[in-house]
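J.: okay, structure incoming, though there's no sequence with it:
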Ligand SMILES: CC(=O)N[C@H]1[C@@H](OP(=O)(O)OP(=O)(O)OC[C@H]2O[C@@H](n3ccc(=O)[nH]c3=O)[C@H](O)[C@@H]2O)O[C@H](CO)[C@@H](O)[C@@H]1O
Ligand SMILES: C=C(OP(=O)(O)O)C(=O)O
């Protein structure tokens, strides 16, 4: 297994190109199942999860062509997805267990084919991650869903019909599944207490380009008037706001000065406000925005993760790494997932001072972090350790970087281009 070695102490300088969003690309790719016409996606990031979704769609019979980036999205990849013929409505366990977002094929398959057999995804390091809201929402649209041998077996022989569904709790994936299914259901669907993440807005914009009729985009109440069929469309994936926030925190950690090209402050305002409160400057530029902390003090700031537009849970681990070197203390509270502090013991092995109290972690800044052998446990924990390593004294070796490769495109290359002493050690 590959490892990443980092020698800390370099202040990052220069520019980093932000890739397309993983969490927007995955539902957008699943949306191809809704139509027999081609869907062209620009600016798709080159990530392990994208490869997994391509494999999943191909075994459903979707033709997927990948071309170098074009139309100004030279760094991304252009995918052409064509679900003219769906040859299987089964999403097998051996693929689904690798990536929870596989569950996003459930709604489109039931809506398009009247049936689907999708493996339960199972949990992951950060939590049990149930899919009960996906199931309840599709049942509200008229699907019958039973559990059989670890699979969700869904049928809707007469197709789905519009309905009102109020989410008992905010769920990004369930909102995406239901919005896609409702787009070709008969009649009108109202989704209340829907998630409002920018990736959902991006999916809605793509569905509308495909001919879907969706109102209330960006709000917690979505109205979807189902249409007979969707048409071909071309869509450019939004920049990855979590990658953007991750690199902003890496730059702040090293008292650097870097332009995040393609980064959009408007997609992560809560995180940017938090960084500014900690003493990090974020200044819009023509190409994105510039992050700098020229030796100014880093202040401890409290963070509580919340559904959008609150502070993103996917940036919690990275912010914790940053706060390990702040002056003062920071109380970091994780309200979305029940086990998203796996990075804490590894950060403490690097000299961090962190105390966990239930869903909160009290971080007290220390004068120095020290390099160590550390192990990645999940996607965002892994990059949190990389951020800590950039400011640590001495060498850090990060193990199990396959977690990192799920959600970051060429991380070590992007950081090395800004001066970081970092390399991937093939294993
Ligand atoms: C591919 C993708 O876009 N992944 C993101 C998506 O994950 P995902 O869509 O899985 O996250 P959800 O918003 O659904 O989960 C939020 C909370 O709701 C719970 N829940 C979810 C579904 C359900 O049926 N029942 C239930 O109880 C989850 O366990 C979690 O505690 O949103 C998360 C929260 O912003 C992000 O951290 C993930 O990066
Ligand atoms: C939790 C994440 O992704 P996933 O939902 O695919 O596990 C993430 O992107 O931080």
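T.: Ah, there it is. Computed from a prediction, not measured in an experiment: that's the story for all the values here. Ligands and ions are numbered 1, 2, ... in the order given.
J.: wouldn't residue 305 be in contact with residue 312 here?
T.: Yes - with contact defined as C-beta atoms under 8 Å, residue 305 counts as touching residue 312 (6.8 Å). The way it works is simple: take the backbone N, C-alpha and C, and place the C-beta from them, glycine included.
J.: who's more crowded, the two?
T.: residue 312 (24 against 21; other C-beta atoms under 10 Å).
J.: show me the contacts for the more buried one.
T.: 241-242, 245, 268, 270-271, 305 (C-beta atoms under 8 Å, 6 or more residues apart in numbering).
J.: nearest to residue 8, of those residues?
T.: residue 245 (20.6 Å; C-beta to C-beta).
J.: any idea how many residues pack against residue 264?
T.: 18.
J.: typo on my end, it should be residue 218
T.: Using other C-beta under 10 Å: residue 218 sits among 15 other residues.
J.: then the one 4 residues further on?
T.: By other C-beta under 10 Å, 24 other residues sit near residue 222.
J.: so who does residue 293 touch?
T.: By C-beta under 8 Å, 6+ apart, the neighbours of residue 293 are 251-252, 255-257, 279-281.
J.: and the residue nearest to residue 187 when sequence neighbours are not counted, backbone torsions?
T.: Leaving aside its sequence neighbours, residue 187 sits nearest to residue 162 (C-beta to C-beta, 6 or more residues apart in numbering; 3.2 Å). Main-chain dihedrals, residue 162, degrees, to the nearest 10: phi -60, psi 150.
J.: residue 33 contacts residue 57, doesn't it?
T.: Yes - assessed by C-beta under 8 Å, residue 33 is found in contact with residue 57 at 7.2 Å.
J.: one step back: which one of the contacts of residue 312 sits closest to ligand 2?
T.: Set against ligand 2, the nearest of the contacts of residue 312 by C-beta to the nearest ligand atom is residue 242 (6.3 Å).
J.: that closest one reaches residue 23, doesn't it?
T.: Yes - look at residue 242 against residue 23 with C-beta under 8 Å: they come within range, at 7.1 Å.
J.: any chance of the contacts of residue 312 in TSV, plus pLDDT and secondary structure?
T.: TSV is the format used below for the contacts of residue 312 (pLDDT from 0 to 100; DSSP: H, G, I helix; E, B strand; the rest coil):
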residue	pLDDT	secondary structure
241	98	helix
242	98	helix
245	98	helix
268	97	coil
270	98	helix
271	98	helix
305	98	strand
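J.: okay, now the unreliable bits of the chain?
T.: 70-76, 294-295 (pLDDT under 70).
J.: what does it put close to ligand 2?
T.: 23, 100-101, 124, 314, 379-380, 407 (C-beta under 6 Å from any ligand atom).
J.: dihedrals phi and psi, the closest residue in space to residue 396 that isn't next to it in sequence?
T.: Using C-beta to C-beta, 6+ apart and skipping residues adjacent in sequence, the residue nearest residue 396 is residue 389, 3.5 Å away. Phi and psi for residue 389, reported as degrees, to the nearest 10, are phi -60, psi -30.
J.: thought residue 167 was touching residue 179?
T.: No - here residue 167 does not reach residue 179: they are 11.6 Å apart, not a contact under C-beta under 8 Å.
J.: between the two, tell me which one has more neighbours.
T.: Neighbour count, other C-beta under 10 Å: between residue 167 and residue 179, residue 179 has more, with 26 against 18.
J.: now do the SS call for the residue in the chain positioned nearest to ligand 2.
T.: When you check the chain against ligand 2 by C-beta to the nearest ligand atom, the closest residue turns out to be residue 314, at 4.0 Å. Assigned state for residue 314: helix (three-state reduction, DSSP: H, G, I helix; E, B strand; the rest coil).
J.: next one: it from residue 268, what distance?
T.: As judged by C-beta to C-beta, to the nearest Å, residue 314 and residue 268 stand 10 Å apart.
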